[in-house]
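Q: need a 3D model of the sequence below.
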Amino acid sequence: MNHVSNARQVKNTPIVSLLFILFLGMMFLQGCSFEKKSDLEIATEKAKNLFDGDLDQFLQSDHNIKLKDSVDQAQIEDAQEAFEKLDIEGKDLEDEDVVELIILYSAVHYAEIELAIREGRDVPEGYEPEVELDEYVTEESDIYFDEGSLINQELLEEFIETAGENGNDNESNIRIVRDEGKNGVILYDLQSRYDENADQRWIDVYPHLDYFNTASQKTQEVFNSAPQQCSSMSKEYDFYMMNECRTHWEFPLIPVVD
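A: Numbers count the residues shown, from 1 in each chain. Sure, this is the predicted structure:
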């Protein structure tokens, strides 16, 4: 009887060992998951401690959060180190985790900028200061382009047919307003010209950046930097094009809207 019992005990030992190993593996993986979650919670807490206000609303344009008066550079660097410890590269994250990480990174970068401004130091690279732009008041005759819509399109079409080299003895003019969203608007005053003595026709183009945030552009558009002389205007490649200009052979002024 004892012999049978011992045989069963020896026979079941590998199964028990395997189950024990699987149990340890599950505990290890669960522990890794808890560690990852803990790191994210730590980073979140350190980011939230930088501000007065609801960090969850940070990505909204009208967010109402303010850097705490007590925050210093060491506290911001501590939060940045918490992000570096997350080591998320190559990991399969849920969508909500990705959104939370974007908020965290953006908030801490914002804190770094705000502290630099508060202390009168140079702001971090990539910072674009907000510019208060004068609001442009449209005129009834303005040809206004805004995100797929074009007001007074018929006036533009008439101008294209008769202005510059397309027309004859034409001195008409129009104003095109290109809406650039939060960066304001760019104005183009177009004046058709005719020189009777030289028998030449062209279009003068006067760009105006008074209502546009030029700091939003990484590189300044050459066409907009000075008045232009162009031979004509046309519809090509889904754009209203200025042709044979002083700085450009062709320049797409605004998209064609059907």
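
Q: contacts, neighbours, all on C-alpha from now
A: Noted.

Q: low-confidence ranges in the stretch 1-150 of the chain?
A: 1-38, 54-64, 87-99, 123-131 (pLDDT under 70).

Q: which parts of it are helices?
A: Listed in chain order, the helices of the stretch 1-150 of the chain (DSSP state H, counting those that start in this stretch) span 2-48, 73-84, 95-119.

Q: could you export the shortest one as PDB, CA atoms only?
A: Spelled out, that is helix 73-84. Taking C-alpha atoms only, helix 73-84 is exported to PDB below (Å, rounded to 0.1, in the frame of the first residue of the first chain):
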ATOM      1  CA  GLN A  73      12.700  73.600 -12.700                       C
ATOM      2  CA  ALA A  74      13.700  70.600 -10.500                       C
ATOM      3  CA  GLN A  75      10.000  69.600 -10.200                       C
ATOM      4  CA  ILE A  76       9.600  69.800 -14.000                       C
ATOM      5  CA  GLU A  77      12.700  67.700 -14.600                       C
ATOM      6  CA  ASP A  78      11.500  65.200 -12.100                       C
ATOM      7  CA  ALA A  79       8.200  64.800 -14.100                       C
ATOM      8  CA  GLN A  80      10.200  64.500 -17.300                       C
ATOM      9  CA  GLU A  81      12.300  61.700 -15.800                       C
ATOM     10  CA  ALA A  82       9.100  59.900 -14.900                       C
ATOM     11  CA  PHE A  83       8.100  59.900 -18.500                       C
ATOM     12  CA  GLU A  84      11.500  58.500 -19.600                       C
END
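
Q: show me which positions of it end up buried.
A: Neighbour counts over helix 73-84 (16 or more other CA atoms under 10 Å) mark 76, 79-80, 82-83 as buried.

Q: tilt between it and helix 95-119?
A: 160 degrees (axes from the mean of the first three to the mean of the last three CA atoms, to 10 degrees).

Q: other SSEs contacting helix 73-84?
A: helix 2-48, helix 95-119 (3 or more CA pairs under 8 Å, 6 or more residues apart in numbering; DSSP states H and E).

Q: contacts for it?
A: 39-40, 42-43, 46-47, 50, 105, 108, 111-112, 115 (CA atoms under 8 Å, 6 or more residues apart in numbering).

Q: and which of these is nearest residue 157?
A: Nearest to residue 157 among those is residue 105, at 47.8 Å by CA to CA.

Q: how far away is the closest residue to that closest one other than its chain neighbours from residue 76?
A: Counting by CA to CA, 6 or more residues apart in numbering, the nearest residue to residue 105 once its immediate chain neighbours are dropped is residue 83, at 7.8 Å. The gap separating residue 83 from residue 76 is 11 Å, by CA to CA, to the nearest Å.

Q: returning to that earlier point: save the buried residues of helix 73-84 as CSV, and put in distance to residue 242 too.
A: CSV is the format used below for these (distance: CA to CA, whole Å):
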residue, distance to residue 242
76, 50
79, 51
80, 49
82, 53
83, 49
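
Q: which one of the residues you listed sits closest to residue 133?
A: Comparing those against residue 133 with CA to CA picks out residue 76 as the nearest, at 31.5 Å.

Q: which strand residues bridge residue 202?
A: Going by DSSP bridges, residue 202 is paired in beta bridges with residue 193.

Q: equivalent analysis for residue 175, please.
A: In beta-bridge terms (that is, DSSP bridges), residue 175 pairs with residue 189.

Q: residues contacting it?
A: The neighbours of residue 175, taking CA under 8 Å, 6+ apart as the test, are 141-143, 187-190.

Q: need these in a markdown table (columns: neighbour count and distance to residue 163).
A: Formatted as a markdown table, the contacts of residue 175 follow (neighbours: other CA atoms under 10 Å; distance: CA to CA, whole Å):
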| residue | neighbour count | distance to residue 163 |
| --- | --- | --- |
| 141 | 12 | 17 |
| 142 | 18 | 17 |
| 143 | 21 | 16 |
| 187 | 22 | 18 |
| 188 | 21 | 15 |
| 189 | 17 | 13 |
| 190 | 21 | 9 |
